[in-house]
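> pasting a predicted model and its sequence here:
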Amino acid sequence: MKQVYFLTPFPGMVKTVVSESILGRAEKKELVQFHTKNLFDFADPPHYRIDDYPFGGGAGMVLKPEPVFRAYDEVISELPENSDSRVIFPTPDGKVFDHDAALNLSRCQNLIFINGHYKGVDQRIRDELVTDEISIGDYVLTGGELPALVILDAAVRLIPGVLNSYESAESDSFAGELLDCPHYTRPESFRNLDSPPVLLSGNHKEIENWKKKQSEEKTKIRRPDLWKKYNKLEDGIKNYE
Ligand SMILES: C[S@@+](CC[C@H](N)C(=O)[O-])C[C@H]1O[C@@H](n2cnc3c(N)ncnc32)[C@H](O)[C@@H]1O
């Protein structure tokens with residue numbers, strides 16, 4: 001079973017999310033187990049501070065190294081020896097997260113998230129403990145919990161058995177070269193808005209063609225970068241044939 005740890009000053013933020021919906025179900029199915037370590041529990045008395053002023057001056061506080069190293073040592077002591085663990089630090093200056101990175105994380109045994117706060121974390125944490133520095137996009141959030149949960153959710157849903165239909169994940173945007181196609185469900189007609197008749201025709205070949213065409217059109221308009229890659233691939237197939 002995959003073990004997932006969050007080193008965070010706000011364990012409540014994480015616990016709420018991992019206990020609900022598909023993540024919660026994944027834990028009930030014993031495919032993954034979630035743990036939190038509250039960084040304040042690893043801070044020094046009497047003040048139990050986890051942040052301090054930056055050396056060299058400047059605005060903003062820095063997350064101190066001791067609570068994080070101590071919490072990390074405790075996590076390592078709880079994991080089986082020599083198990084494969086990735087230590088992830090979500091950070092805006094990390095490598096931008098994508099489907100391939102999610103798939104890669106879904107396949108490794110243990111994930112340990114170090115959630116940054118304030119201006120950042122003491123660099124020694126990054127240098128000594130972290131294996132993966134990951135950004136979820138070119139904007140800045142107040143803390144690492146939300147990005148860690150985004151990364152986790154994208155990875156856990158790709159663990160076989162987590163989704164009721166893995167096939168569904170395989171046809172999602174970014175799992176292949178094209179964006180996903182539009183979807184419709186009952187009622188067939190709603191407020192004078194009809195569903196495309198082809199989807200109700202029962203003709204599987206025509207349905208597949210329609211879906212592919214819709215995906216192609218959407219990708220072409222919204223993601224010229226993906227469209228370019230897709231066309232090269234299609235050309236490759238055509239040339240090969
Ligand atoms: C206010 S941010 C610090 C930003 C940092 N000074 C910088 O400019 O790169 C506090 C924490 O939120 C998290 N964070 C904020 N934006 C993020 C993003 N786009 N991707 C991943 N983590 C992010 C990181 O853990 C970061 O340490």
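Yep, it's here. These figures come from a predicted structure and were not determined experimentally.
> quick one: contacts for the spatially most central residue of the chain?
Taking Cα atoms, centre = their mean as the criterion, residue 151 is the residue nearest the geometric centre of the chain, at 1.8 Å. Contacts for residue 151 (Cβ atoms under 8 Å, 6 or more residues apart in numbering) come out as 88, 90, 97, 102, 105, 113, 134, 136. (Each C-beta comes from the backbone N, C-alpha and C, glycine too.)
> check the gap between residue 172 and the ligand for me.
From residue 172 across to the ligand, the span is 22 Å (Cβ to the nearest ligand atom, to the nearest Å).
> to which secondary structure element is the closest residue to that residue other than its chain neighbours assigned?
Of all residues not flanking residue 172 in the chain, residue 180 sits nearest, at 5.6 Å (Cβ to Cβ, 6 or more residues apart in numbering). Counting by DSSP states H and E, no helix or strand carries residue 180.
> and the longest helix for the protein?
Using DSSP state H to define each element, the chain has its longest helix at helix 204-222.
> could I get it in CSV with only the CA atoms?
C-alpha atoms of helix 204-222 as CSV (Å, rounded to 0.1, in the frame of the first residue of the first chain):
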residue,chain,number,x,y,z
HIS,A,204,-20.1,2.8,-32.5
LYS,A,205,-17.8,3.7,-35.4
GLU,A,206,-19.6,6.9,-36.1
ILE,A,207,-19.6,7.8,-32.4
GLU,A,208,-15.8,7.2,-32.1
ASN,A,209,-15.2,9.3,-35.3
TRP,A,210,-17.4,12.2,-33.8
LYS,A,211,-15.5,12.1,-30.5
LYS,A,212,-12.1,12.1,-32.2
LYS,A,213,-13.2,15.0,-34.5
GLN,A,214,-14.4,17.0,-31.5
SER,A,215,-11.2,16.4,-29.6
GLU,A,216,-9.2,17.4,-32.6
GLU,A,217,-11.1,20.6,-33.1
LYS,A,218,-10.8,21.6,-29.4
THR,A,219,-7.1,20.8,-29.3
LYS,A,220,-6.4,22.8,-32.5
ILE,A,221,-8.1,25.9,-31.1
ARG,A,222,-7.1,25.7,-27.4
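> residues in contact with the helix or strand following that helix: which ones?
Per DSSP H and E, helix 204-222 leads on to helix 224-240 as the next helix or strand towards the C-terminus. The contact list for helix 224-240, computed with Cβ under 8 Å, 6+ apart, reads 177, 178, 179, 216, 219, 220.
> could you point out which element follows the helix or strand containing the residue nearest to the centre of the chain?
Applying DSSP H and E as the criterion places residue 151 in helix 145-156. Sequence-wise, the next helix or strand downstream of helix 145-156 (DSSP H and E) is helix 166-170.
> pull that next one out as CSV, backbone CA atoms only.
The C-alpha trace of helix 166-170 is given here as CSV (Å, rounded to 0.1, in the frame of the first residue of the first chain):
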residue,chain,number,x,y,z
TYR,A,166,-9.3,3.2,-15.3
GLU,A,167,-10.4,3.4,-19.0
SER,A,168,-12.0,6.7,-18.2
ALA,A,169,-8.7,8.2,-17.0
GLU,A,170,-7.0,6.9,-20.2
